[in-house]
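Enquirer: Just a sequence and a predicted model for now, questions to come.
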Amino acid sequence: MTSLPAPAKKKLGLVIDLDICVGCHACAVACKEWNDGGDFGPLPDDDPYGAEPLGVWFNRVHSYEVLPLAASTTHDPTTPRIHDPQPAPAAPARPLDSRGRGQPATSQIPHMVHFPRSCLHCETPDCVTVCPTGASYKRADDGIVLVDQDKCIGCQLCAWACPYGAREIALPHPKAPASDAGRKGTKRGTMQKCTLCVDRIYNETLDEGDRQPACVLACPTRARMFGDLGDPDSDVSKVVAERQGFALMPEFGYQPVNRYLPPRARRDGSASASPAEVAEETLDTGQLPPLLRWLDKALSR
Amino acid sequence: MKPALSVIFFTVLSGTGYGLWCLLGAALAAGLYPFAGDGVLVPLAFGFALVTAGLLASTSHLGRPERAWRALSQWRSSWLSREGIASLVTYLPMLAVAWLAFAGDAGSGLRTAGALLSLCALATILCTANIYRSIKTIAAWRTPQVLPLYFMFALLSGGLWLWAWLALAPGRATALGFPLALLALAVVAAIIKVDHWKRIDALPRNTAGHATGLESMGRVRAFEGPVTEESYLTREMAFVLARKHGVRLRRIALTLFALVPVLGIVIALPSGAMWLAPIAAFAAIAGLFVERWLFFAEARHAVAAFFPQMQA
């Protein structure tokens, strides 16, 4: 049934800490590994070792460069905003110097934010209601959004309805030879998505500590947390309250369950470090003794 | 959005077929249709060919077409499911009209069946349009012009085929009202379509800063995508090809679906050169293929903002 169930008290989901994610992709790889072989697998790849590999991942890690707005500027007119009728053209890419530091155009040092993206297990998602078959559904008891692989016809309307890119269809690679069509896993023709490792979290054959989504267990910096976001006393709810965790694109009204914790302000108290200050630290190597001058030269390479 | 040929064929061909059935059914219901018997069956069968070809084309968009029957189950929430049901239900009054026309009936039975056919065809077009209008992530499809345009394009291109039949059938019907109404429809549809294009050009775009929720920190630029190669999302939703030739393709579409039919009607009516009618109908369908290709190709999906491919 693709009508949504009555809101559940339990809202299982993830909290992702953008402050400490280092963008190592371990969560994505662990997810791929578990779900390729778990109850919902396979997660087919097409042309995996070829020139244009294409495959399904439930979890993908993006990297963004955030250029802090100058403290004195409340609104940067060149910043494109969704509410601007005519968004200003994006800023030209700034070249990096040999040490990888941002060059000057805007007198700010960029902040790198790694951003894992997966299903947010929304409370009122259209990916469920647009489904014509009942394959896409939200569990009434814990709120996990799943696709019944035996019912899905692969119309892709649910993927179109999702602004978070949570769903990917398993279709054969457009250039895959026809002889591949029958190979196990190369053609599923059905929509795939994060299951919140529903085959792990309730799995009594696993040690209790392992009953967590694979991505959460794999994260080397503990940037991913799993829990009940419907319970205000749960660890995840507490950290969301403390760190002002936010939901992505709330304007669609889907009420995502997952929360992202924003990057903390930089240690000097500001969100930004001005390159002007950095520039003041330049060293006059002419004043240095020869050994240190040589050392500076060697280290500067 | 990636313009999938299967869906373009479906919406254009089935739309034309339902438009033809809608007008034919309405004319029968109102007692205005000049022919009986074969004069009803030929356009009805042509509509059947268009509708069925379109529906079959749509199943090739599915990853599992053999399960298509399952799509009939979720009419409570899904416009796609409603569309599937409406498209099949419409075959019933179509068969009734065919049987009554074949049996030589021209009385209240045929009028009722015609009215039902017309209403079911309209309902199917409504469902098709609402499939797209219900996708909140694609602002270009949420505009108020989309629903009237789906109705107008179906009636225009189906109507031109019906006019071609009326004008060329043995014992030609030469009433002026119908082609003049089509002429007006072509002009109005063109005006609304141009308005739609202007509207979607002015729509705000989603940005990486907004999509990630990081915009309050500063200016956000996608530095690296999750993989170096394409993915389903970048192929399906971050399709950028269309904008390059957009202006030219829009002109081609307008010329074919509006200008050629208008000129065809304006020239054919006084001169009696009725061979122009099927040319106008062919042009309209070709123009709608281009229009529908742009409908998908120019539509921006909110998820594209996450990807570096979408940044200028």
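Expert: Okay, I see it.
Enquirer: Assign the residue in chain B that chain A sits nearest to to helix, strand or coil.
Expert: Per CB to the nearest CB, residue B:63 is where chain B lies closest to chain A, at 2.1 Å. Quick note: C-beta positions are derived from backbone N, CA and C, even for glycine. Following DSSP: H, G, I helix; E, B strand; the rest coil, the label given to residue B:63 is coil.
Enquirer: Count the residues that sit near it.
Expert: 19 (other CB atoms under 10 Å in any protein chain shown).
Enquirer: Equivalent analysis for residue B:244, please.
Expert: 9.
Enquirer: So the closest residue to residue B:152 other than its chain neighbours versus residue B:17, what's the distance?
Expert: Distance criterion CB to CB, 6 or more residues apart in numbering or on different chains; nearest residue to residue B:152, sequence neighbours excluded, is residue B:189 at 4.1 Å. Using CB to CB, to the nearest Å, one gets 18 Å for the distance from residue B:189 to residue B:17.
Enquirer: and the two? which has more neighbours close in?
Expert: residue B:17 (29 against 25).
Enquirer: That one against residue B:158, yeah?
Expert: Yes: counting by CB atoms under 8 Å, residue B:17 touches residue B:158, with 6.7 Å between them.
Enquirer: who touches both of these two?
Expert: residue B:47 (CB atoms under 8 Å, 6 or more residues apart in numbering or on different chains).
Enquirer: C-terminal to the strand or helix carrying residue A:200, what's the next element?
Expert: Per DSSP states H and E: residue A:200 is located in helix A:198-201. From helix A:198-201 onward toward the C-terminus, using DSSP H and E, the following helix or strand is helix A:214-218.
Enquirer: anything in that next one near chain B?
Expert: No: using CB under 8 Å from any CB of the partner chain, helix A:214-218 stays clear of chain B, coming no nearer than 13.5 Å.
Enquirer: can you give me how far that helix is from the chain middle?
Expert: Relative to its parent chain, helix A:214-218 has a centroid offset of 14 Å by CA atoms, centre = their mean, to the nearest Å.
Enquirer: For it, list every residue counted as buried.
Expert: Using 16 or more other CB atoms under 10 Å in any protein chain shown as the test for burial, helix A:214-218 gives A:214, A:215, A:216, A:217, A:218.
Enquirer: Ok, stretch A:201-209 next?
Expert: Judged by neighbour count using 16+ other CB under 10 Å, the buried positions of stretch A:201-209 are residue A:201.
Enquirer: One more: stretch B:273-287?
Expert: B:274, B:276-287.
Enquirer: mind checking how far residue A:13 is from residue A:123?
Expert: 10 Å.
Enquirer: okay, those two: which has more neighbours?
Expert: Between residue A:13 and residue A:123, counted using other CB under 10 Å, the more crowded position is residue A:13 (27 against 20).
Enquirer: all helices for the chain, in order.
Expert: Answering for chain A, as no chain was given. Ranges of helices in chain A, per DSSP state H, are A:26-37, A:126-129, A:157-161, A:198-201, A:214-218, A:235-243, A:275-280, A:290-300.
Enquirer: Oops, wrong one, chain B.
Expert: B:5-9, B:15-30, B:38-59, B:79-89, B:91-102, B:108-133, B:146-168, B:177-201, B:208-212, B:232-236, B:246-254, B:260-271, B:276-297.
Enquirer: Out of those helices, name the one with the poorest average pLDDT.
Expert: For those, the weakest mean pLDDT is recorded on helix B:232-236, namely a mean of 90.
Enquirer: So for residue B:37, what's the pLDDT?
Expert: At residue B:37, pLDDT is 89.
Enquirer: Surely it touches residue B:103?
Expert: No: contact criterion CB under 8 Å: residue B:37 and residue B:103 do not qualify, at 9.2 Å.
Enquirer: Could you report the neighbour count for residue 47?
Expert: If you meant another chain, say so; for now it's chain A. Under the neighbour criterion other CB under 10 Å, residue A:47 is assigned a count of 19.
Enquirer: please go with chain B instead
Expert: Count around residue B:47 with other CB under 10 Å applied: 28.
Enquirer: swap in the one 3 residues further on?
Expert: Here the neighbour count serves as a burial measure; for residue B:50 (other CB under 10 Å) it reads 24.
Enquirer: Return the residues in contact with it.
Expert: B:13, B:14, B:16, B:17, B:20.
Enquirer: Show me where chain A dips below the pLDDT cut-off.
Expert: A:1, A:70-108, A:172-187, A:267-284, A:301 (pLDDT under 70).
Enquirer: hang on, the earlier thing: what's the overlap in contacts for residue A:13 and residue A:123?
Expert: By CB under 8 Å, 6+ apart, residue A:13 and residue A:123 have these common neighbours: A:143, A:257.
Enquirer: buried sites along stretch A:41-59?
Expert: A:41-47, A:53-59.
Enquirer: Could you work out the most separated pair of those residues?
Expert: Farthest apart among these by CB to CB are A:47 and A:59. That separation is 21.0 Å.
Enquirer: Skipping adjacent residues, who's closest to the residue of chain A found nearest chain B in space?
Expert: Residue of chain A nearest chain B, by CB to the nearest CB: residue A:154 (2.1 Å). Leaving aside its sequence neighbours, residue A:154 sits nearest to residue B:63 (CB to CB, 6+ apart; 2.1 Å).
Enquirer: burial count for the closest residue to residue B:45 other than its chain neighbours?
Expert: Leaving aside its sequence neighbours, residue B:45 sits nearest to residue B:98 (CB to CB, 6+ apart; 7.8 Å). Counted with other CB under 10 Å, residues neighbouring residue B:98 total 18.
Enquirer: Residue B:98 contacts residue B:44, doesn't it?
Expert: Yes: counting by CB under 8 Å, residue B:98 does reach residue B:44; the two are 5.7 Å apart.
Enquirer: From the buried residues of stretch A:41-59, pick the one nearest residue A:196.
Expert: Of the buried residues of stretch A:41-59, the one sitting nearest to residue A:196 (CB to CB) turns out to be residue A:58, at 9.5 Å.
Enquirer: Contacts only, for that closest one.
Expert: Taking CB under 8 Å, 6+ apart, one finds A:31, A:32, A:35, A:43, A:118, A:119, A:192, A:193, A:194, A:195 in contact with residue A:58.
Enquirer: rerun that using 7 Å as the cut-off
Expert: By CB atoms under 7 Å, 6 or more residues apart in numbering or on different chains, the contact list for residue A:58 reads A:31, A:35, A:118, A:192, A:193, A:194.
Enquirer: what's the neighbour count on residue 199?
Expert: Chain wasn't specified; assuming chain A. For residue A:199, using other CB under 10 Å, the count is 16.
Enquirer: I was after chain B.
Expert: Residue B:199 has 15 nearby residues by other CB under 10 Å.
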